[in-house]
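Trainee: Just need the structure, nothing else, for what follows:
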Amino acid sequence: MHRLFLKYKSLSIQVKATFWFTICNFILKGISFFTVPLFTRLLSTSEYGTVTIYNSYQQIFLIFATFELSLGAYQRGILKFKDSVREFTKSIQYLCTLITIILFVVTWCFKDIFIQLTDTNSFILILMFGYFLMEPAYSCWMNEKRFNYCYMPAVIVTIAFTVITTVGSLLAVFFVEQTAFIRIESMLLLEILFCLPFYLHNINPSGISKKKISEYWTFALKFQLPLVLHSLSYLVLAQADRIMIGAFVGKSEAAIYSVAYGIANVIIIFQTSLNQVLKPWRYKKMENKEYASIKSNTNLMLIFIGAIVIMFILVAPDVMKLLFNSDYYEAVWTIPPITASIFFMFMYSVFTDVESYFSKTRYVMYASVICALTNIILNYFGIQIFGYIACGYTTLLSYILFSALHYFFMCKVCRKENISDPLFNGKIIIALSAILLMIVFGMTMLYQFTYIRYFILLIIVGVIILKRKNIIEILASLRK
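Mentor: Purely as a prediction, here's the structure:
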């Protein structure tokens, strides 16, 4: 134990920060993983469907209400204006406040449309914009801590925020009334109260000249506005299926699909954590023109993610039976394609790292818009012909297209940068993708044969044990 402690103490602050943020991600996903089944038991499928559809619309409105200035523009700005971070933070808060108020006035004029779309009420609309007003202050604080590697306060506050808002709304539903309105209203109230101190800390206007505010606002808007379309398109890709299921089929089916999506997204923990570690590593390798190691590492990581995807798909039916009541069992048929999508999420993130390294971010926007529109069209016809289960497969097709487009753009960037040695082996990537898809569809056919599924799972575990030395070597290289 003492040796482990000494090893931990010897790690760089960057590695410690990565470790703790990864642990934090696991905790947050764990809270969601275990509370969602409780909500589905307390609320009817129709009521939970209302919550699901509202959450999808809220995320879309959040983009327009804040332009997500507290993310990209702020992260870049605290580096650009490192000698006046406090003033820059305040100015971003004022700009977010102004944008939120303008959008609220516009939305309030057409509030009946919002209420009809979300099946909520005017009080929830007011609370939602109250949260939009406060949220950028919390995000700015969090991003500043991460930028300065103050990982422990950021981790503690993030976990506290999730526990208070999630558990608090769960208790409200249990003790007050088991309705979607209570779930949404209690969550929003708790989020507003939690973010309020951060907002009050940032809203003091003293100490900033109008000239400085103009400079900060000009920078932030020029930087962020092109990314708004990308964020919106990416969100549509992630949320359009639930909104369209609610509109074309019903709220209950939207709730069932949302549960399956949430279960499958457990794998995103591994995908996100791996990419957080590998992104700076790839940048360093590209800086040193060590392209061969990027190629071999990518192949190994795709095999690793693919193995996790397959193992999760094998146990998914039993996870559903353990956590949810019979009303949600039908959703298990959407888990294989949604989970397989995560493999392609990891794949396209590898390609976008190359685009980002060479500052070709407009390609990210192009791919996002194309795939969002494709997803909407596929959902429309898929739901009409095959029902809501088709949305799992339209999501998979959209992420395959996403990966293919980014591969094309990545190759284009490499040619422009005169990189003759290919960063990735396209043939191996295509082969791995094809093998994964065949296995995923084969596993789906075995969902009713429990013994066969677990026999295959034992074989995979056995192979992992036999290859444990190679896996340990890979993990050791990642740690370095």
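Trainee: how about the helices in the stretch 251-400 of the chain?
Mentor: Shown for the stretch 251-400 of the chain, the helices assigned by DSSP state H, counting those that start in this stretch span residues 251-264, 268-287, 291-323, 335-357, 362-386, 390-416.
Trainee: Now do whatever helix or strand comes next after the last one against helix 291-323, angle only.
Mentor: Right, helix 390-416. Following the chain from helix 390-416 toward its C-terminal end, the next helix or strand by DSSP states H and E is helix 426-445. Interaxial angle, helix 426-445 versus helix 291-323 (axes from the mean of the first three to the mean of the last three C-alpha atoms, to 10 degrees): 10 degrees.
Trainee: CA atoms only for helix 426-445, dumped as CSV, please.
Mentor: Taking Å, rounded to 0.1, in the frame of the first residue of the first chain, the C-alpha atoms of helix 426-445 are listed here in CSV:
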residue,chain,number,x,y,z
GLY,A,426,-7.6,2.0,-43.8
LYS,A,427,-7.8,-1.7,-44.8
ILE,A,428,-7.3,-2.9,-41.2
ILE,A,429,-9.9,-0.4,-39.9
ILE,A,430,-12.4,-1.5,-42.5
ALA,A,431,-11.8,-5.1,-41.6
LEU,A,432,-12.1,-4.6,-37.9
SER,A,433,-15.4,-2.6,-38.4
ALA,A,434,-16.8,-5.3,-40.6
ILE,A,435,-15.9,-8.1,-38.1
LEU,A,436,-17.5,-6.1,-35.3
LEU,A,437,-20.7,-5.5,-37.2
MET,A,438,-21.0,-9.2,-38.1
ILE,A,439,-20.4,-10.2,-34.5
VAL,A,440,-22.9,-7.7,-33.2
PHE,A,441,-25.7,-8.8,-35.5
GLY,A,442,-24.9,-12.4,-34.7
MET,A,443,-25.0,-11.8,-31.0
THR,A,444,-28.5,-10.1,-31.4
MET,A,445,-29.8,-13.4,-32.8
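Trainee: Identify all contacting residues around the helix or strand that that helix is followed by.
Mentor: With elements assigned by DSSP H and E, the helix or strand that comes after helix 426-445 is helix 450-466. With C-beta atoms under 8 Å, 6 or more residues apart in numbering as the contact definition, helix 450-466 has outside contacts at Ala307, Ile310, Met311, Leu314, Val315, Pro317, Asp318, Met443, Leu446, Tyr447, Ile471. Heads up, the C-betas are built off the backbone N, CA and C, glycines and all.
Trainee: how about the residues you listed, which pair is most distant?
Mentor: By the measure C-beta to C-beta, Tyr447 and Ile471 form the most distant pair in the contacts of helix 450-466, at 28.3 Å.
Trainee: ok, the two, which is more surrounded?
Mentor: Neighbours around Tyr447 and Ile471, counted as other C-beta atoms under 10 Å, are more numerous at Tyr447. The numbers are 17 against 13.
Trainee: hang on, the more buried one packs against Pro317?
Mentor: Yes - proximity of Tyr447 to Pro317 meets the contact threshold set by C-beta atoms under 8 Å, at 5.3 Å.
Trainee: the helices in the stretch 1-150 of the chain, which residues?
Mentor: Under DSSP H, counting those that start in this stretch, the stretch 1-150 of the chain gives helices at 2-10, 13-42, 45-66, 72-80, 85-109, 111-118, 122-147.
Trainee: Of all these, which one is nearest Ala372?
Mentor: Go through the helices of the stretch 1-150 of the chain one by one with C-beta to C-beta and the one that ends up closest to Ala372 is helix 45-66, at 11.5 Å.
Trainee: Could you export that closest one as PDB, CA atoms only?
Mentor: Extracted as PDB, the C-alpha positions of helix 45-66 are listed here (Å, rounded to 0.1, in the frame of the first residue of the first chain):
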ATOM      1  CA  THR A  45     -43.500   5.000 -19.100                       C
ATOM      2  CA  SER A  46     -45.600   8.000 -20.400                       C
ATOM      3  CA  GLU A  47     -44.400  10.200 -17.600                       C
ATOM      4  CA  TYR A  48     -40.800   9.100 -18.000                       C
ATOM      5  CA  GLY A  49     -41.200   9.700 -21.700                       C
ATOM      6  CA  THR A  50     -42.100  13.300 -21.000                       C
ATOM      7  CA  VAL A  51     -38.900  13.700 -19.000                       C
ATOM      8  CA  THR A  52     -36.900  12.200 -21.800                       C
ATOM      9  CA  ILE A  53     -38.400  14.500 -24.500                       C
ATOM     10  CA  TYR A  54     -38.000  17.600 -22.300                       C
ATOM     11  CA  ASN A  55     -34.400  16.800 -21.600                       C
ATOM     12  CA  SER A  56     -33.700  16.500 -25.400                       C
ATOM     13  CA  TYR A  57     -35.300  19.900 -26.000                       C
ATOM     14  CA  GLN A  58     -33.500  21.500 -23.000                       C
ATOM     15  CA  GLN A  59     -30.100  20.500 -24.400                       C
ATOM     16  CA  ILE A  60     -31.000  22.100 -27.700                       C
ATOM     17  CA  PHE A  61     -32.200  25.300 -26.100                       C
ATOM     18  CA  LEU A  62     -29.100  25.500 -23.900                       C
ATOM     19  CA  ILE A  63     -26.900  25.900 -27.000                       C
ATOM     20  CA  PHE A  64     -28.900  28.900 -28.200                       C
ATOM     21  CA  ALA A  65     -29.200  30.400 -24.700                       C
ATOM     22  CA  THR A  66     -25.500  30.400 -24.000                       C
END
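Trainee: Packing partners of it?
Mentor: Contacting helix 45-66 under the criterion 3 or more C-beta pairs under 8 Å, 6 or more residues apart in numbering; DSSP states H and E are the following elements: helix 13-42, helix 85-109, helix 111-118, helix 122-147, helix 180-202, helix 210-248, helix 251-264.
Trainee: Could you list the buried residues of the second one?
Mentor: Neighbour-count burial for helix 85-109 flags 85, 87-97, 99-100, 103-104, 107 (criterion: 16 or more other C-beta atoms under 10 Å).
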